[in-house]
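Trainee: Next comes the sequence, and after it the predicted model I'd like to discuss.
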Amino acid sequence: MNFKLIFRNVSFLLFILSLSFLLPAFYSLWVGDGLFMDYVYPIVLSFSVFLIGIQFENKEPEIREAILTVVLVWFLFPALSAFFYVKTGAIPNFFDAYFESVSGFTTTGASILTNVEALPKSVLLWRSTTHWIGGIGFVVFSLSLLPAIGTGGAQLMRFEASKAVEEKILPKVKEVARAILIVYLVLTLSEIVLLKIAGMSLYEAVNHTFATVATGGFSTKNASVGAFHSFAVEMIIAVFMLLGATNLSLYYKAFRKRSLKEFFGYYEVKSLLAITFLATAFSTLLLLFDHVYHNPITAFRYAFFQVSTAISTTGFSSTNYTNWPPAILALIMILSLIGACAGSTAGGIKQFRFLVMLKTIYQELKKTAHPRLVYRITLGDKSLDFTIINTIWAFISIYFMLTIVFGFIITLSGYDLVTSFSASIACITSLGPGLAKVGPAGNFSFFPWFDKFLLSVEMILGRLEVLTVMAVFLPSFWER
Amino acid sequence: MKVCIIGAGVVGTYLAKKLSKENHEIAIVDTDASKLEQLSYSYDILAVNCNALNVNCLKEVENFDLFVVVTESDEKNISIATLLKALFKKDKIIVRVSNKAFSSPPVRELLGCDTVNILSETVQNVLYQIKFPFAKSVAKLEKEGIVIVTYGVKVEDSICGKQIAELKEIREKIDFTIVAIEREGKIIIPKGDSYIYPGDKIYVAVREEDVERLFRSLGVFYEPVKLVFVFGFSKFTEELLSKLSDFSSLRVKFISPDREVCERISGEFPNISVFHGELTDMELLKQENIKNADLCIAMTEDEETNILTCILSKRLGCKRASSLIMHPEYEKLIESIGIDVPLVPRKLLASKVYTRLSSKSILEFLEISENLDVVEVVVPDNIAGKRVSEVGKELCGLVVAVKRENGTEIVKGNTVLHSGDTIICVERRE
């Protein structure tokens, strides 16, 4: 293991990422809230580390070095951001600040802040920016901006983004990263424009767009999106959550082929839309039958928003849904566990794994009656090799195991089952708000520092798709 | 004509025999000396024992006009054709290929020789089994949309005991012609007063889209095919399965003893159930309900296995069985042991090659049974303007249809022939 190389790459990535502090920094100058220097410190800090790092020789990283680089960056950059929160005094406790940063970068949207609106506006902008950068991914973000860190970009990117079937849309990794960034920018700009048209102020539109396309969930309002009481705003955000929850490179492919069929014919998009449709219909009907709402349009409005936010693992809320029928609350948790498309900004086990899961179960049931049946799982027109299926099943198992283990650890602090397990699910899937005490009206501030740190780790595990991070903890990872 | 056949496999031998009987000059090239010896012993054929990929070997047959390249592999066939083309400036070369892409027009143009492929035709034969389960066999006349359906008349059929003339009413609604009746192995070209008896095999020429309507009005009832078993893997299997998976109402079960084949097929065709096991495993076949199967198709490369599998499936209750047969000679034998439809790709290939050899006036040639051929002939000037009923037998056996610029129609007695028309007729072979 070449630690010098890892140090070099990590410091390099951290420096590039810290440049993103410039956006809120300039905003802070603009509004004149006197926080400008606080934004400069992290950049100076990361730059000085980078100056040390650049002394080391640049080489092609091995797989293990690439994994460690990605994992370290994901643990360290939130620490830098937490340092900033503490420095500004917005969040005085370090573990609180770390939780808030991780929650931002992993696009979770879980918060320890009880009164968001009290924070300086530029700090809130940084909070939304963490979503936007985390959504596209640290490596993709850095790669698309710079002439690459040696040639190791391919290795790094593989461990950050999830892909259904390994495929490159362009021959060079850097080009892929740029294509993804362009798609991301187009989505972002179009949503800002639409929200502005729908009547939001530019500041609110930018903040909410960052949180939407990244499927994050931080809002600048205590009542989240519900604070705007606008049907148009809710629908725009709901649709863009789904758009952000779709494979970003798929847009590029469909655009290059000028074909909508390429997009809507993709198996993950089809299943995502199907699940969204069914869940919305179910929730709407249930809300009407339970007399929560009497107007079908209102019922649809809130149901569609909550279903989109759940399946895309965003975590906005357009209303306080705590008093909704429990079946819908359970559905929200289940939807977030399923999650959206691979290669998107959303979390969960992802649609393709869910499809593989259903297909394997169906075939195995069939095999009970026909013992000599031979089957292969197909996604789209590709048939999957058993080694891939094994990896997928290992992922699904470890994902659910971790969800349960973390939920159990939180119950040790004495919280009720619904709070503990929904917090665990909300963190690993990057949904954000859970149920009961951590529900849409509550937040995560009451947990002891230990639980906050564990949940932060869980969020990073979920964002990096578990296996990558877990691999670091194996003794064999460190063997020579 | 001087014809050189390269490759003394089943197709090569079959062609050599057939052509030598018709007084063509035949040479056959192969590396297997004993095979050649047998051939030249019983037929008047020049046998050349050498490897055709060797230039010196090709020099020995340099003075032949037409080359038919039918060795075992595509690669070898195409290489030999390239040598013939480039070094000996031969332009009449027919190459057998099994890869579909090789018989596409661009490849054909690039190679500068004729490539024939019988993959789709063989599979088409099976598809007819599914579409028209009542027919014994269906032969499609190339590109015309007219098919010749062979049907075994049963006692309960309403046409039984009727004269051909009595079918006039149906004929007014649907164009069709009964082109031949096979009774006790003899071919009868029917006239208006001929009777149809149970046990007869009738050959009916009709448009492909009218087949079902016609047989319904003839009072033939049949159950649609719902469950099909496909056994074993050969180059035809994939093409067949891809066609079968297009039928939405059809359930297909595929069995192969080769685990890798099973996995590949199940990956490629998700809606086909794939089972791993021996083809002759009775327990497996029973377990998978072969008794409800409407059609069993044995498709392995090994014809003994195919025959055995078909017999077994019929014994277990499968309604019809169809088997891939390598040797055209076995065809009759196989029908006699209860396999309903023999698939003989090599015969198809041989007849396709044969068409390209025959005298100029015949455009297409198709063998529909042992002693019945279909040929296409251009109408000569001396007959133009006459009615079909006046032509008699001077042109060919029985005129079935006439091809014009605006399509093909099934003829009636009063159809007038023009010069430039092409007629399709059925001929009894002597």
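Mentor: Noted; the coordinates are in hand.
Trainee: any idea how far residue A:456 lies from chain B?
Mentor: Here residue A:456 is placed at a distance of 41 Å from chain B (C-beta to the nearest C-beta, to the nearest Å). Backbone N, C-alpha and C define where each C-beta goes, glycine included.
Trainee: Was I right to think that residue contacts residue A:96?
Mentor: No: contact status for residue A:456 versus residue A:96: not in contact, 10.2 Å apart, counting by C-beta atoms under 8 Å.
Trainee: Have a look at these two and say which one is more surrounded.
Mentor: Between residue A:456 and residue A:96, counted using other C-beta atoms under 10 Å in any protein chain shown, residue A:456 has the larger neighbour count: 25 against 22.
Trainee: Tell me the pLDDT of that one.
Mentor: Per-residue confidence for residue A:456 comes out at a pLDDT of 95.
Trainee: Who are the packing partners of the helix or strand residue B:402 falls within?
Mentor: Residue B:402 is part of strand B:398-404 when elements are defined by DSSP states H and E. Applying 3 or more C-beta pairs under 8 Å, 6 or more residues apart in numbering or on different chains; DSSP states H and E, one finds that strand B:398-404 makes contact with strand B:146-152, strand B:176-183, strand B:407-410, strand B:422-428.
Trainee: Which among those is found nearest to chain A?
Mentor: Proximity to chain A, assessed across the helices and strands packed on strand B:398-404 by C-beta to the nearest C-beta, is greatest for strand B:146-152 (33.1 Å).
Trainee: Residues in contact with the very next helix or strand once past the closest one: which ones?
Mentor: In the C-terminal direction, the helix or strand that comes right after strand B:146-152 (DSSP H and E) is helix B:168-173. With contacts defined as C-beta atoms under 8 Å, 6 or more residues apart in numbering or on different chains, helix B:168-173 is touched by B:176, B:214, B:217, B:218.
Trainee: list the contacts for residue B:241?
Mentor: Under the criterion of C-beta under 8 Å, 6+ apart, the contact partners of residue B:241 comprise B:230, B:252, B:254, B:265, B:268, B:269, B:272.
Trainee: and the second one, bridged to which residues?
Mentor: The residues listed as beta-bridge partners of residue B:252 by DSSP bridges are residue B:228.
Trainee: Among the contacts of helix B:168-173, which ones are in helices?
Mentor: If you go by DSSP state H, the contacts of helix B:168-173 have B:214, B:217 in helices.
Trainee: For the strand holding residue B:402, list the C-alpha coordinates in PDB.
Mentor: Taking only C-alpha atoms (Å, rounded to 0.1, in the frame of the first residue of the first chain), the coordinates of strand B:398-404 have been written out as PDB:
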ATOM      1  CA  LEU B 398     -50.000 -28.700 -64.000                       C
ATOM      2  CA  VAL B 399     -50.100 -25.000 -64.000                       C
ATOM      3  CA  VAL B 400     -50.800 -23.800 -60.400                       C
ATOM      4  CA  ALA B 401     -50.200 -20.100 -60.400                       C
ATOM      5  CA  VAL B 402     -49.000 -17.300 -62.600                       C
ATOM      6  CA  LYS B 403     -46.500 -14.600 -61.600                       C
ATOM      7  CA  ARG B 404     -47.000 -11.200 -63.100                       C
END
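Trainee: so what strands line up beside it?
Mentor: Neighbouring strands of strand B:398-404 in its sheet, by DSSP bridges, are strand B:407-410 (antiparallel), strand B:422-428 (antiparallel).
Trainee: what's the angle between the last one and strand B:146-152?
Mentor: What it means is strand B:422-428. Here strand B:422-428 points in a direction 20 degrees away from that of strand B:146-152 (axes from the mean of the first three to the mean of the last three C-alpha atoms, to 10 degrees).
Trainee: Could you pull out the buried residues of strand B:422-428?
Mentor: B:422, B:423, B:424, B:425, B:426, B:427 (16 or more other C-beta atoms under 10 Å in any protein chain shown).
Trainee: and if you look at stretch A:362-378?
Mentor: Using 16+ other C-beta under 10 Å as the test for burial, stretch A:362-378 gives A:363, A:370, A:372, A:373, A:374, A:375, A:376, A:377, A:378.
Trainee: That one and chain B, any residue contact?
Mentor: Yes: with C-beta under 8 Å from any C-beta of the partner chain as the criterion, chain B is reached by stretch A:362-378 at A:366, A:370, A:371, A:372, A:373, A:374, A:375, A:376, A:378.
Trainee: can you redo these as a markdown table with secondary structure?
Mentor: Supplementary listing: the residues of stretch A:362-378 next to chain B in a markdown table, determined by DSSP: H, G, I helix; E, B strand; the rest coil:
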| residue | secondary structure |
| --- | --- |
| A:366 | helix |
| A:370 | coil |
| A:371 | coil |
| A:372 | coil |
| A:373 | strand |
| A:374 | strand |
| A:375 | coil |
| A:376 | coil |
| A:378 | strand |
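Trainee: Wasn't residue B:39 part of a helix?
Mentor: Yes: the assignment for residue B:39 (three-state DSSP) places it in a helix.
Trainee: is it true that it touches residue B:20?
Mentor: No: no contact is recorded between residue B:39 and residue B:20 when judged using C-beta under 8 Å, the distance being 9.4 Å.
Trainee: what do these two both touch?
Mentor: Counting by C-beta under 8 Å, 6+ apart, the contacts common to residue B:39 and residue B:20 are residue B:45.
Trainee: still on that earlier bit, specify which member of the contacts of helix B:168-173 is nearest to chain A.
Mentor: Proximity of the contacts of helix B:168-173 to chain A, judged by C-beta to the nearest C-beta, is greatest for residue B:214, which lies at 38.9 Å.
Trainee: Pull up the gap between the closest one and residue B:159, please.
Mentor: Using C-beta to C-beta, to the nearest Å, one obtains 11 Å as the distance from residue B:214 to residue B:159.
Trainee: Phi and psi next, for residue 339.
Mentor: Since no chain was named, I'll use chain A. Note on residue A:339: backbone dihedrals following degrees, to the nearest 10 are phi 80, psi -170.
Trainee: could you do chain B instead?
Mentor: Main-chain torsions, residue B:339, degrees, to the nearest 10: phi -90, psi 120.
Trainee: Same check on the one 3 residues further on?
Mentor: Listed backbone geometry of residue B:342 is phi -80, psi 140, with angles given as degrees, to the nearest 10.
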